[in-house]
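Participant: sequence unknown, structure follows:
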């Protein structure tokens, strides 16, 4: 039977591992009480959905214990505490996102709040002991801007220069692939792995993916790799995470745990969730480079637009991009735009407006909204005409999102059109594959 | 041994089925000579890549026969001719695209040209005999605009009213999914199938997909289904085509033959390439409806923008959409935009600008750039704030492209914000699923 008690008594009695019901202004929450530091103003609860929430202690009106934790569970918790070590070798940079969040009392929805230390508390101690957490931001990733990427790159570089053997970044998932692309360009000659991870809220599924993703990301950060990666569930099982190359990944699903997919690339590696061993998959994996001198370059020209191309797009929409310093077009198919070479009366060509942008000195870069596959302007007459107009289109198999991030980075250090073209069409951080593997699509 | 001969002699001697080398101003082409009407100004050649091209007879300087066709092949061709029938039951509307093209002598690239009749000539006669072709446009699909969709819908309706048992539309692949979505809204209460098909040029693969796709599309048009579909290769084999629901498909690869994927949906059906039988897969398939009174409604308000959302997007880019009558935002994740509720200094929120659009009476509709999965504005605080701002976001699992086409169609008949919201959030042509199937992703 559940006992109902006053707040003071309950917090003295309910122990980590107990199944409890917490009442506060925004409603009732049932779940397993998670271990937290005494001084934390939040109480942490693992909900039946597997999802962790933090509830401000002040706001709690009642706690009922529904079921006490087993003796075995309490013993394990004690042993974990003993082996805790404050100094760690992997640097954990926390940015916010679903992996770290709490209930909003105004709306009942969730938003990021918990600290990096609190994030670690949900992990098994053997993982936790070697990690040094640092809270950078507390933002849902849709609020992260190019300026945050620079801060993040600087923090990662500091950690590595300070002796970290690897870096884990916890991040919201919505824009994680933009950030991973940006870090791939900003952090070059990486001696070790920089691994982004997060979690997908999926209220329709039984368990949260946060802990597994974080455990695997920490294992990946300690592995014999170098470069920027995304580490998220490989599939719907809890057996492994996929490690994806920073500039060659994309969030392809709104809710699934395996939302992140390698795009025109094999996964870099697989992290086994049980053994935490890292198995390389792609031949493009680079080992650790102890002697590598990390090059941090966060300069970006953020006056760049990413424009989606679609039937009915007005020529004036292209003309209105004249104020930007660079434009990425997410074209159709192999990299096509409405050009109307046949003089059709109903067509709405935008070739003239694109040519005007190019002629005024604005680099216009072409990727494909298909997402998968390579851009090729040589197959069709329309494509050749675009090439003649000076569009930069030899991006091969770069995603529109990576092309956008890269153009900002390239324009941060180079203004000459010819050099911009050369840099855009040359792989700098593995964003262009010589040949896309057939496998994952 | 190959014999080299003058143009007149060669055309008298080279017969359909022969392997020939054709020389013209733009170069030499080797391939199998395809049957054509004597009066056609083009000679048709199936290249070693499997790709068909048309070469203007006038431009040919020499033809060499490399290998004569077998007696068996010539016999089959003759039998096909005998069974030919000019009046057919399936209407074939040709729009152009890779499925119908010729070499451009100026650039060496290809663009659409051949007639609907010539398209049929590449098919086995049992398929060909029951098809009535009509050339509507000769355009690469990137040049097709909303005005073309209306013409196409009218032509399909005419065919059906004229007694066609089904309609096949040959179309370029780049924008086929925009067109299939548009036709799904413009042609309602369809008594029979309207099937779009095309082909993917894939110079790196051994055979063209044009004939198989067209054969399967014709079979699908004769099947016991109603509605608008896309019929393209199901996978890399030549064993089957997938029939995809018009508003729930997308070109997901630039070159693969199975570029079209069902999005948040099962395929409607599978067409077996050998038997041309149609096997239903989705429970949402509708049978033929003989008594159904086709409703043609091509009205569209084309003053609609589709805006991609990304980190670093300038608020001014949203403000500049004030001149449109409707806006679709391809948001991030579950349907998120930068809103910066936490007041972060580096964030670039666009909430104010979006709210201004809504407050000025412009319907703003939210889809997800993830493509797969459902939009849900209730999970996170940021989403709830967007909902409060009046954004139409209950589109469930509609793709951004379908949402864009649908908003144009809805605004073509309704201006009241409340009604627009209701129509956008209600499934009209199967574009919204109650629940997305887990299978294809």
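Facilitator: Arrived safely, thanks for sending. This is a predicted model, so every value here is computed, not measured.

Participant: show me where pLDDT drops low in the stretch 201-350 of chain A?
Facilitator: A:201-207 (pLDDT under 70).

Participant: Strands of that one, residue ranges please.
Facilitator: A:227-233, A:240-245, A:249-251, A:260-262, A:269-272, A:278-280, A:295-296, A:304-308, A:326-331 (DSSP state E, counting those that start in this stretch).

Participant: and residue A:216, what is it in contact with?
Facilitator: By C-beta atoms under 8 Å, 6 or more residues apart in numbering or on different chains, the contact set of residue A:216 is A:197, A:231, A:240-241, A:271, A:273, A:276. In this view, the C-beta of every residue, glycine as well, is placed from N, C-alpha and C.

Participant: Compare those residues and tell me which is most surrounded.
Facilitator: residue A:241 (34 neighbours; other C-beta atoms under 10 Å in any protein chain shown).

Participant: Which residues does residue A:326 form beta bridges with?
Facilitator: On the basis of DSSP bridges, residue A:326 is bridged to residue A:304.

Participant: Residue A:358 is in contact with that one, correct?
Facilitator: No - the pair formed by residue A:326 and residue A:358 falls short of the contact definition of C-beta atoms under 8 Å, at 11.1 Å.

Participant: Can you tell me the centre-most residue of chain A?
Facilitator: Centroid-nearest residue in chain A, with C-alpha atoms, centre = their mean: residue A:176, separated by 2.1 Å.

Participant: Give me the pLDDT value at that one.
Facilitator: For residue A:176, the pLDDT comes out at 98.

Participant: Next: residue A:96.
Facilitator: Taking residue A:96 on its own, its pLDDT is 82.

Participant: Now residue A:61. Nearest residue, chain neighbours left out?
Facilitator: Setting aside the residues directly before and after it, residue A:61 is nearest to residue A:23 in space (C-beta to C-beta, 6 or more residues apart in numbering or on different chains), at 5.0 Å.

Participant: That neighbour: what's it in contact with?
Facilitator: Residue A:23 neighbours (C-beta under 8 Å, 6+ apart): A:60-64.

Participant: go with 7 Å
Facilitator: Residues near residue A:23 by C-beta atoms under 7 Å, 6 or more residues apart in numbering or on different chains: A:60-62.

Participant: and what of residue A:297?
Facilitator: Residue A:297 neighbours (C-beta under 7 Å, 6+ apart): A:186, A:188.

Participant: burial count for the residue nearest to residue A:421 when sequence neighbours are not counted?
Facilitator: Once flanking residues are discounted, residue A:421 sits nearest to residue A:392: 4.9 Å by C-beta to C-beta, 6+ apart. Burial of residue A:392 is recorded as 25 neighbouring residues (other C-beta under 10 Å).

Participant: and residue A:392, bridged to which residues?
Facilitator: residue A:365.

Participant: how deep is the closest residue to residue A:139 other than its chain neighbours tucked in, by neighbour count?
Facilitator: Nearest non-adjacent residue to residue A:139, counting by C-beta to C-beta, 6+ apart: residue A:96, 4.2 Å away. Neighbourhood size, residue A:96 [other C-beta under 10 Å]: 27.

Participant: And residue A:322, by the same measure?
Facilitator: For residue A:322, the count of nearby residues is 12 (other C-beta under 10 Å).

Participant: how about the strands of the stretch 1-150 of chain A, start to end?
Facilitator: Along the stretch 1-150 of chain A, counting by DSSP E, counting those that start in this stretch, strands occupy A:3-5, A:19-24, A:27-33, A:42-47, A:52-56, A:60-67, A:90-94, A:102-103, A:110-111, A:131-135.

Participant: which of those strands is buried the deepest?
Facilitator: strand A:90-94 (a mean of 26; mean count of other C-beta atoms under 10 Å in any protein chain shown).

Participant: Is any residue of that one near chain B?
Facilitator: No - against chain B, strand A:90-94 shows no contacts by C-beta under 7 Å from any C-beta of the partner chain, the least distance being 14.2 Å.

Participant: contacting residues around that strand?
Facilitator: Residues from elsewhere that reach strand A:90-94, judged by C-beta under 7 Å, 6+ apart: A:100, A:116, A:119-120, A:130-136, A:152, A:155-156, A:159, A:164-170, A:218, A:221-222.

Participant: With stretch A:167-174 instead?
Facilitator: By C-beta under 7 Å, 6+ apart, stretch A:167-174 touches A:90-100, A:119, A:140-142, A:152, A:156, A:159-160, A:179, A:194-198, A:200, A:214, A:217-218, A:221, A:251, A:259, B:332-333, B:336.

Participant: Show the contacting residues for the closest residue to chain B within the stretch 201-350 of chain A.
Facilitator: The nearest approach of the stretch 201-350 of chain A to chain B comes at residue A:254, 3.1 Å away (C-beta to the nearest C-beta). Shown in contact with residue A:254 (C-beta under 7 Å, 6+ apart): B:333-334, B:368, B:370, B:373-375.

Participant: show me what contacts residue A:277?
Facilitator: By C-beta under 7 Å, 6+ apart, residue A:277 has no neighbours at all.

Participant: What residue spans form the domains of chain A?
Facilitator: Domain ranges of chain A: A:3-73, A:88-296, A:304-424, per automatic domain parsing.

Participant: Mind putting these into CSV with distance to residue B:74?
Facilitator: As requested, the domains of chain A are exported to CSV (distance: least, C-beta to C-beta, whole Å):
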stretch, distance to residue B:74
domain A:3-73, 68
domain A:88-296, 45
domain A:304-424, 33
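
Participant: Drop anything exposed from the contacts of strand A:90-94.
Facilitator: Applying 16 or more other C-beta atoms under 10 Å in any protein chain shown to the contacts of strand A:90-94, the neighbour count classes A:100, A:116, A:119-120, A:131-133, A:135-136, A:152, A:155-156, A:159, A:164-170, A:218, A:221-222 as buried.

Participant: before we move on, back to that, please report phi then psi for the residue nearest to the centre of chain A.
Facilitator: phi -60, psi -40 (degrees, to the nearest 10).

Participant: pLDDT wise, what is the closest residue to chain B within the stretch 301-441 of chain A at?
Facilitator: Of all residues in the stretch 301-441 of chain A, residue A:373 sits closest to chain B, at 3.1 Å by C-beta to the nearest C-beta. Looking at residue A:373, its pLDDT is 94.

Participant: Apart from its neighbours in sequence, what residue is nearest it?
Facilitator: Residue A:373 sits nearest to residue B:254 (C-beta to C-beta, 6+ apart), 3.1 Å away.

Participant: ok, now residue A:385?
Facilitator: Nearest one to residue A:385, counting by C-beta to C-beta, 6+ apart, is residue A:339 at 5.7 Å.

Participant: Neighbour count: residue A:326 and residue A:358, which is higher?
Facilitator: The neighbour count for residue A:326 versus residue A:358, taken as other C-beta under 10 Å, is higher for residue A:326 (24 against 17).
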